[in-house]
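Visitor: Fold the stuff below for me.
(chains A and B)
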Amino acid sequence: MSKTTRREFIKKSGMMALSVGLSQQAFWRHVRAASESVLTQAAALSPADRILVVIQLDGGNDGLNTVIPLSGSAASLYRQYRPTLAIPETNALPIGTDAAGTLLGFHRNMQPLKELYDRGYVAVIQSVGYPNPNRSHFASQDIWHTGDPEGRKRTGWLGRYLDVTSPSAENPLLAVSLAGTRLPLTLHAEHVLVPAVGSVANYQFRTQPPGDHQNKIRAFLALNRETASDHVLRKQIQLVALDTYESVERLQSGIQRYTSDPAITYNPQNSLAQALRQVAQILAATLGTRILYVSIGGFDTHQSQANTHATLLARLSEAVATFHADLVRLGLDDRVLIMTWSEFGRKVTENGNQGTDHGTVGPQFLIGTRVKGRIVGEHPSLRPEDLNPGLSDPKFSARAIDFRSIYATILEKWFLVDSREILGGGFELLDIL
Amino acid sequence: MPLDEYDKIAHLLRRAGFTAHPDELEAATARGLQAVVEDLLNFERFPDVPPDPEILAALDQSQDTFNRMRGDFLNRLTRWWLHAMATTPRPLQEKMVLFWHGLFATSVAGLEFWQQIYLQNENFRGNFDPDTGQLLRPAPGNPFPVGNFRRMLEYLSKDPAMLYWLDNQFNVKKNNEVGSNENYARELHELFSMGVEDVVAKVPNYTERDIRQASRALTGWRVLPRSANFTFPRVFSFDPTRHDFGPYEHLGKRGGNNADFIFDNIVRHRNPGQKQSAVGRFLGYRLFTFFGYEDPEPEIINALADVFDGAHGGEPFNIRNMLRTIFTPGNLVSEAFYSERAFRARVKSPTEYVVSLVRLLTFDRATSRPEGISSSSAVMRLLSNGMVQMGQQLFAPPDVSGWREGLAWISTTSVLARFNFANDILALQVNQGGIDLTRLMTQARLQEALQQRRYGEVVDFLARLLWQIPPSAEAREALIGYLQAPIPNTSESTLVSQKIRGLIHLMLAAPDFQLS
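Guide: Numbering: from 1, shown residues only, chains lettered A, B, ... in the order given. From the prediction side, this is the model:
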């Protein structure tokens, strides 16, 4: 079974025009924009070499206990609001001061990430959120996924990026999600199909009995290549089926190319590390994958937060550091940008169950060899007048950073495309890449 | 090319129900299209599916006990509903319950008391009285699933799961401009009744102020937190001390002292210069998209809206009348429903996929109905697990706007999930709780045909069973080729059984079975 199944099919059935549609013009415009860009010429990497790995912290990460204020009014108010949950100063790992002069530190369990920070590979972006924050997990996650605080868009911001740059993508593995079997909304596109692989090991056509596998696959492909009907829906289904077959084949054969290194151990108890190991496998297989998506759950810490949150930060930090080391070994570290996000921060005041309720803004990280390691923006003000009335969470104020600024920065400075069409407007670019 | 009577009936049975088994088709053809439509519409003529005693028992558990088993409860509930869909003599009722679940999308993900999602399902089938919290089959006055939409809005607004899911539970009087929580008021307008814009005229249906005023009218609508008869909150309660008695300004009208004013305004709302109501068009669009095809023409939407509005003298807001218009031959809407554009042009949702599959494969020609599966069988477990992989977990829609239908169901992940699910279900032997394929083969005399290598006959029979169309020459050739291809180290008798299972697997994974 040839590797060009899908392309041949497209040619035979004239699907190209149908799947490219109106985006083609936009596509070429962006290609031109990218090739003429000063940035492209300046950077050693071509846009096609650049990879983005997204890590979702699912449940709303407590930003105040992740990047901890260690000086000024923020520090004293923080301790005052959180009698049991505040991280003692001695348990924080200082990383420097923000634009307003507040000294900040990582949670003590983030030592591996601190080491990357010290090497200049981590940008800490403070007070990220959006105006009129919605404290519902679902609504807020959708906003982050779609990049649309109005909640009207049904495609994801990276899905739209794929649509604009690769509307007729021939590679079914241009983007891959390893965050469960449901595709995150971030990667929903109009034209480009992104597989939600869940786990590489399970991403296979199961057939029984094993001896009949080839016969079945041959028949399955024949049924999806038949040209008897010109029904559009039918053709679309066939196209997706052939795409699926090709992505399975490419992934399963490519994955063999990865060999592990005894010096680099992805903790088997750490599900994020295991997902990132699969990311490394896919990248090592040189399958042309540009965007990878993983997630780690459990950040919705309404009660007994201290231990849970400490464990989660340790896992995040450990997994990212292991992954980075593996990328260095594979010679891929300067091609990979890692971005974390979480749907909201949490309230400043702890609740009655040693936990915290849903808040608004929080810190996000950009990690990679090419990142300008620094602290961007300011720690959210914890002064009573700067908190949402009755809610005790920091306002999305003038000092906060719109999450779409991060998206715009990644699109413009990493992927070298015009972000305005994708995000539906222009956003301030951050000096982190 | 217009559809012939056979294709029309097959189309109707698949869309208004889940499947058209060749035997059912034969019986239906003998009765004629009109009689079949009336049987589907007047489903009260046939027995309802019984409740599951274990689900009922779970409702009486203390909250702590229930919470320890709530995952099991949800699985059991899912299997019960899927089993109902697969075996019910009232397919249109089940189809409409599915429709309302997709429209009034409520998820356990936002509920503290998962028991409430079962009450909502019974509400959708007309078996729940929110004012008393009682399950009655049927509950007098409950308009679901095909009754008066104006009353449905009321029943849904009082539904305990809905009151929790969209926070109206916490909506209390604030001031003359707002209630304290507008979440429900917003979705009531945006998703449950008329949509942001008029479906045909494309003008805004309401303003932000209409939403805020509606939220005032819905203040004090909540679930009684405790009641002597029940272990969890399930009785609607109107709390006058939390309620804002108006008057409200809503959709250009001023008045009212409770949400009746809002519901009345909503169902009657017409934009300036428009003959049809906004809700009539919205529901006309949604119903035709669900049963017919995507993006129906404005004439079809308007014709259905006229029925909703009672423009021809019928009862206004009546859903059954709209369905009758879609299915009864001889009008503009049903011409479109029975057109070539609609025929085999609906992507099956995961629910439709698994239900149609199990219904067809367990159909017993001796009793003329699906046999041999219980809601606790291994097959039913595979069904509910498989659906999660395919992207549709019942009782847990991705968000309040429900599931994206149509081609959105077909992704690389879901193609693989459908393929693997069909493989797994076919690999299950009867003694493991699997489907009785021996019965199917014997009743169809497939065993002999296979042994005598009359492969074309086997393929044709199964295409008629599963696809209700003859296979294309190419498909036929591919499937015959599959039957001929040897499996190494396999005895003749095992080979026959494996090949028939393999053939059915392939046909369930083929494009033709993804379409209804």
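
Visitor: Give me the neighbour count for residue 152.
Guide: You didn't say which chain, so I picked chain A. 9 (other Cβ atoms under 10 Å in any protein chain shown). All C-beta spots, glycine's among them, are computed from the backbone N, C-alpha and C.

Visitor: wrong one, I was asking about chain B
Guide: 26.

Visitor: Then B:Leu383?
Guide: 27.

Visitor: quick one: which helix or strand includes it?
Guide: helix B:378-390 (DSSP states H and E).

Visitor: Also A:Pro94?
Guide: With DSSP H and E as the test, A:Pro94 turns up in strand A:92-97.

Visitor: Direction included, what does that strand pair up with?
Guide: strand A:103-107 (antiparallel) (DSSP bridges).

Visitor: Make sure B:Arg186 is actually in contact with B:Arg212.
Guide: No - with contacts counted by Cβ atoms under 8 Å, B:Arg186 stays clear of B:Arg212, the gap being 9.2 Å.

Visitor: before we move on, back to that, can you list the buried residues in the strand holding A:Pro94?
Guide: By 16 or more other Cβ atoms under 10 Å in any protein chain shown, the buried positions in strand A:92-97 come out as A:Ala92, A:Leu93, A:Ile95, A:Thr97.

Visitor: what do you get for stretch B:253-273?
Guide: Buried-residue list, stretch B:253-273, by 16+ other Cβ under 10 Å: B:256, B:258-259, B:261-271.

Visitor: And stretch B:11-29, by the same measure?
Guide: B:11-22, B:24-25, B:28.

Visitor: for stretch A:260-274, same thing?
Guide: Going by 16+ other Cβ under 10 Å, stretch A:260-274 has these buried residues: A:Ile264, A:Tyr266, A:Asn270, A:Ser271, A:Leu272, A:Ala273, A:Gln274.

Visitor: and what of stretch B:100-111?
Guide: Quick answer for stretch B:100-111 (16+ other Cβ under 10 Å): B:Trp100, B:His101, B:Gly102, B:Leu103, B:Phe104, B:Ala105, B:Thr106, B:Ser107, B:Val108, B:Gly110, B:Leu111.

Visitor: Identify the residue nearest the first one in space, chain neighbours excluded?
Guide: Put plainly, it is B:Trp100. B:Phe124 (4.6 Å; Cβ to Cβ, 6 or more residues apart in numbering or on different chains).

Visitor: show me what contacts the one you found?
Guide: B:Met96, B:Val97, B:Trp100, B:His101, B:Phe104, B:Phe144, B:Pro145 (Cβ atoms under 8 Å, 6 or more residues apart in numbering or on different chains).

Visitor: in chain B, which helix or strand is least confident?
Guide: When the helices and strands of chain B are scored by mean pLDDT, DSSP states H and E, helix B:446-451 comes last with a mean of 87.

Visitor: And chain A, by the same measure?
Guide: Across the helices and strands of chain A, mean confidence by mean pLDDT, DSSP H and E is lowest for helix A:15-20: a mean of 33.

Visitor: Helix, strand, or coil at the nearest residue to B:Gly284 once chain neighbours are set aside?
Guide: Closest residue to B:Gly284 apart from its sequence neighbours, by Cβ to Cβ, 6+ apart: B:Leu304 at 3.0 Å. With DSSP: H, G, I helix; E, B strand; the rest coil as the basis, the three-state label of B:Leu304 is helix.

Visitor: Burial check on residue 230, number of neighbours?
Guide: Just so you know, I chose chain A. Here the number of neighbours of A:Asp230 (other Cβ under 10 Å) works out to 9.

Visitor: Please refer instead to chain B.
Guide: 16.

Visitor: Tell me who's in contact with it.
Guide: B:Leu59, B:Gly133.

Visitor: And the pLDDT at it?
Guide: According to the prediction, B:Phe230 has pLDDT 95.

Visitor: cool, B:Glu177 as well?
Guide: Here, the pLDDT recorded for B:Glu177 equals 89.

Visitor: before we move on, what about the one 4 residues further on?
Guide: B:Asn181 is assigned 82 on the pLDDT scale.

Visitor: Am I right that it is in contact with B:Ser215?
Guide: Yes - B:Asn181 lies in contact with B:Ser215 (Cβ under 8 Å); the separation is 6.7 Å.

Visitor: The two: who's more crowded?
Guide: Shown here are B:Asn181 and B:Ser215; by other Cβ under 10 Å, B:Ser215 has more neighbours (27 against 19).

Visitor: Just confirm that one is within a strand.
Guide: No - assigned with three-state DSSP, B:Ser215 falls outside any strand and is helix.

Visitor: what helices or strands is the least confident helix or strand of chain B leaning on?
Guide: Identification of packing neighbours for helix B:446-451 by 3 or more Cβ pairs under 8 Å, 6 or more residues apart in numbering or on different chains; DSSP states H and E yields helix B:437-443, helix B:455-466, helix B:492-509.

Visitor: ok but A:Gly151 is inside a helix, no?
Guide: No - according to three-state DSSP, A:Gly151 belongs to no helix; its state is coil.

Visitor: How about the contacts made by it?
Guide: By Cβ under 8 Å, 6+ apart, the contact set of A:Gly151 is A:Ala139, A:Asp142, A:Ile143.

Visitor: Which pair in the contacts of B:Phe124 has the greatest spatial separation?
Guide: Spatial extent of the contacts of B:Phe124 (Cβ to Cβ) is set by the pair B:Met96 and B:Phe104 at 11.9 Å.

Visitor: could I get the helices and strands packed on helix B:446-451 as JSON lines with mean neighbour count?
Guide: Formatted as JSON lines, the helices and strands packed on helix B:446-451 follow (neighbours: other Cβ atoms under 10 Å in any protein chain shown):
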{"stretch": "helix B:437-443", "mean neighbour count": "17"}
{"stretch": "helix B:455-466", "mean neighbour count": "19"}
{"stretch": "helix B:492-509", "mean neighbour count": "20"}
